[in-house]
Structures are given as structure tokens and as C-alpha cells.
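Colleague: give me a 3D structure for the following:
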Amino acid sequence: MLNRRQSISPDGQWVVYDTRNEDSHIARTHAIEMVKMDTGDIAPLYRTRNPTAYGPGVGAAAFHPSAQKIIFIHGLESCSATNPYSSARRFGAIVDIAAPWEYCHAESRIVLQDAATDMPGYGILSGGTHAHSWSTDGWISFTYNDAYLEGRARIDNKVRDLRTVGFMLQGIGLAGDTLKTGQENFIGTYAAFIAVEVKAEVRLGSDDVEQSVEECWIGTNGYTDATGNDHEHAIAFQGAVRDEQGNLYHEIFVCDLPNLVELRKIGGVEPARRREGILASVPGCSQRRLTHTLNRKYPGIQGPRNWLVSSPDGEHVYFPMRDDADIVQLHRVATKGGALEQVSSLPHSIEGQISMNAHGTACAFLSDQRVCLVNLETGEHAWLTGTTEQKLFGAVQFVEEDRWVLNAYVGNPPDHFAQIFVCE
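Modeller: Model prediction:
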């Protein structure tokens, strides 16, 4: 099974994947491999130790854009029937392609059961990361679930297991208790931070975010805002907001991140304020709302689960949304702020993850069980495949302008198997 993005090696020859057969089966999946597109040769990269149905589990592997290494989800080595793989019991594992089989922890994790109010240290998390994505220069974005909140939510229905988005980077030191290391707690090679502040209790009709998910890096080298300021590192994300009646919708937000110099100045311990029902962002992050869709017939981001996609120049963010005919179409909004634009006029809804080519001139995705290509300048679409016997699913990922890979099931359920296809 392919990750939804960054499955292609920097040299364009290999595709990395995990050996899941169903999307929700990461806990029982034990292998990361890559296959050479031209020959079909398979190169195993990693196997979990002592795999069980409860974990540790691996999945969602992504290639670094320029270096020969990958990051993927890895469940805690201590997963068991009584303490299984979960949202907060996983981390980012990094494997060097030249030295497979061994991983290093991306982020640091220190979970202290008696520390409900504070994060354990500067650049250290106390939960689990997943859905990792590389920036051009090697920063990593991720989705985060806090272990304290996850545990409290299981026994107290008044506690909400908040989910948010964060980022990590190398080049700055970590301040934490390095003695508390092991299978549950460990020190990684990146400093990790929460980027988006989320709250269990939001003000109705406001821009307060209850949950942040499905982010993307903005631009190949960031973007320029409406006042002319350049932002080298910024994330677009889907933020869950509530209208004045309390209805929940996902809107598009931008989060500008602090630079390396600013992060070094922060220091100290980051307050998590978890007892107040807040996961606070690291100082220096600034989030703002791009879309306001409540006046639409079908408000909010709609369609299949989709990570946002940015144009290479950082000018626009692309995402799925229903039109007035209830068809999920490709839409975009300017990162500087502005009107929402419908890009496509398809007869059938978008069915999978949206992907963009390297030049930012076209997007591809599944629709009507076919591969569809949309010209981003004209909005015109073309069907790149006809109907097939296989069930297509997931992302259509560009290798080159006229070559892409995707997943499809071969055989009939329950005896069907996810395979990778290369299309010209």
C-alpha cells in the first residue's frame, strides 16, 4: 500500500510501500519495502520485531525529497494485547536506504503519567505522530495525538482526545530528561513542536480550532503573504470550527512557523495546558483562516479523506469540496487570502487523494474508478485510463509528467491483494 504522498524516490526509480492490505491494518503490518519500477525488483527495507495483531505495526512510508532515506509510522515496541497500537502510541521512524533494517526515532517522546500540565521538555513530545511529510529542505510535518489526553478520554467522557498538527527539524538541541528512555520514552534526532493550537471548548462562530488535520507544506520554498513578507516554512491545514449553532465544519487555515533562530530563542519547557482542554502551539507560530464556506449549499471541506496540496510557488492550496450539484470538485484558495475558486467541472466526484505534478500545472486523482487529470489553468479534465477489472484506490502519484503510480486490488474480496501499478 502506497502512502498518500512522497512514495517516489528522489531519482524517480523506486516506489516505497508498506505491506498492508487494508487501510486500517497498520497495527498488524510488519514490513516496509520498495520496488523498482522498471524491473519489479523488490528491496526489503525494514521488518518489525515480534509482530502481533496489537502492534508494533508500520505504515505510510515517505521518501525524503533529496536524500536516500524514508520516514514511516512505527508503533511503540512495547505494544501488546493490554496496551495496543493507538493514535498516541506511535512515532516517526527513519531508515537510511543505504543501511536498511535499523531505524532511528525521528522525534523524542517522554510520557510522564503524573505530568498533566506541562510538556516534558523543549522539542520533546508526549504522544504519537503520524502522517509524516517532508519539506523540500528536510523539515517534517506530522499529525499528533497526546498520550495523556488519549488515556484520560478512555475513562472520562468529559475529556476530549484532541488531534493537531506539528513539525520537527534538526539543528537545535533538546532539553529533556534523557534518563527516561526505553520502549515508551526515547530521545530522537529531531526537535518536535506543536504548530496549531486546538481547544476542546471553542467559541461558536469564531476561528477557534477544535481539531487540525491533513496538512501540507506551502510552496517549494514557502510563500509571500499579502503584506509582502516571505515565510520560508508554513503549513496549510484543515481546521475544525463550529458555526453559531454548534455545527462542525472543516475550513482551510495557514500556520506560519518560526525559523531556526526564533526557535533557539524560545528555550525552556513548552506549557501544554492540557488540563484546560488546550494543546498549545510553540511560541512563534501564527495561524489564520483562509476559507469561510458556511454560506455555501454544502459548507466545509467535503469528499474523501484528503491531505491538502500546495502549488510549488506557494500561491494556492488545493482541496476537494462539493459543488451545488453535490459533486466533489477540485477547489483552490490563495494563501494570501481571497475568494474560493472551483477548478474542475467533473461529471463524477473525486474519489481519492489529490496529487500535483512537479510544475504545478495539473492535478491527478481517481474519479468514476478512472484516473483523471485536471489542467489547473483551464480547468479542463481528461481521463487517462478506462474502466478496469481492478478496484483502484488511494493516490495517483506523478513520477514524471507522463508517468505515475497508483494502487489497485487484484482479485475479489476477501481474497484480494493491494498491488502497485505503473502507468504511462
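Colleague: thought residue 219 was touching residue 317, still the case?
Modeller: No - with contact defined as C-beta atoms under 8 Å, residue 317 does not count as touching residue 219 (10.0 Å). (Each C-beta comes from the backbone N, C-alpha and C, glycine too.)
Colleague: quickly list what's touching both of the two.
Modeller: Counting by C-beta atoms under 8 Å, 6 or more residues apart in numbering, the common neighbours of residue 317 and residue 219 are 310-311, 335.
Colleague: how about the contacts made by residue 42?
Modeller: The neighbours of residue 42, taking C-beta under 8 Å, 6+ apart as the test, are 33-36.
Colleague: switch to 7 Å and redo it
Modeller: By C-beta atoms under 7 Å, 6 or more residues apart in numbering, the contact set of residue 42 is 33, 35.
Colleague: by neighbours, which of the shared contacts of residue 317 and residue 219 wins?
Modeller: With neighbours taken as other C-beta atoms under 10 Å, the top of those is residue 335, carrying 27 neighbours.
Colleague: show me the contacts for the closest residue to that one other than its chain neighbours.
Modeller: Take residue 335 and drop its neighbours on the chain: the residue closest to it by C-beta to C-beta, 6 or more residues apart in numbering is residue 223, 5.0 Å away. Residue 223 sits next to 231, 234, 314-315, 335 when contact means C-beta under 7 Å, 6+ apart.
Colleague: where does residue 223 land on pLDDT?
Modeller: The predicted local confidence for residue 223 comes out at a pLDDT of 95.
Colleague: same question, residue 179
Modeller: Value listed for residue 179 in the pLDDT field: 51.
Colleague: could you do residue 143 as well?
Modeller: Among the per-residue scores, residue 143 shows a pLDDT of 97.
Colleague: using the three-state scheme, assign the residue nearest to it when sequence neighbours are not counted.
Modeller: With C-beta to C-beta, 6+ apart as the measure, residue 131 is the residue that lies nearest to residue 143, at 4.4 Å, once sequence neighbours are left out. Under DSSP: H, G, I helix; E, B strand; the rest coil, the three-state class of residue 131 is strand.
Colleague: and for residue 131, the neighbour number?
Modeller: Burial of residue 131, expressed as a neighbour count using other C-beta under 10 Å, amounts to 20.
Colleague: please apply the same query to residue 386.
Modeller: Residues near residue 386, counting by other C-beta under 10 Å, number 8.
Colleague: what about it, which SS state?
Modeller: coil.
Colleague: what sits closest to it if chain neighbours are left out?
Modeller: Of all residues beyond its chain neighbours, the one nearest residue 386 is residue 370 (6.6 Å), with distances taken as C-beta to C-beta, 6+ apart.
Colleague: beta partners for that neighbour?
Modeller: Partner residues in beta bridges with residue 370, using DSSP bridges, are residue 367.
Colleague: nearest residue to the middle of the protein?
Modeller: In the chain, the C-alpha closest to the average C-alpha coordinate belongs to residue 131, at a distance of 3.5 Å (C-alpha atoms, centre = their mean).
Colleague: can you show me the helices along the stretch 251-400 of the chain?
Modeller: Counting by DSSP state H, counting those that start in this stretch, the stretch 251-400 of the chain has these helices, from start to end: 260-266.
Colleague: any idea how far the nearest residue to residue 96 once chain neighbours are set aside lies from residue 90?
Modeller: Counting by C-beta to C-beta, 6+ apart, residue 96 lies nearest to residue 69, which is 5.0 Å off, once chain neighbours are set aside. Counting by C-beta to C-beta, to the nearest Å, the gap from residue 69 to residue 90 is 19 Å.
Colleague: kindly report the same for residue 413.
Modeller: Residue 413 sits 27 Å away from residue 90, going by C-beta to C-beta.
Colleague: neighbour count: these two, which is higher?
Modeller: Using other C-beta under 10 Å as the criterion, residue 413 and residue 90 rank with residue 90 on top: 26 against 8.
Colleague: OK, contacts around the residue nearest to the more buried one when sequence neighbours are not counted?
Modeller: Of all residues beyond its chain neighbours, the one nearest residue 90 is residue 128 (4.2 Å), with distances taken as C-beta to C-beta, 6+ apart. For residue 128, the contact set (C-beta under 7 Å, 6+ apart) comprises 87-91, 145, 147.
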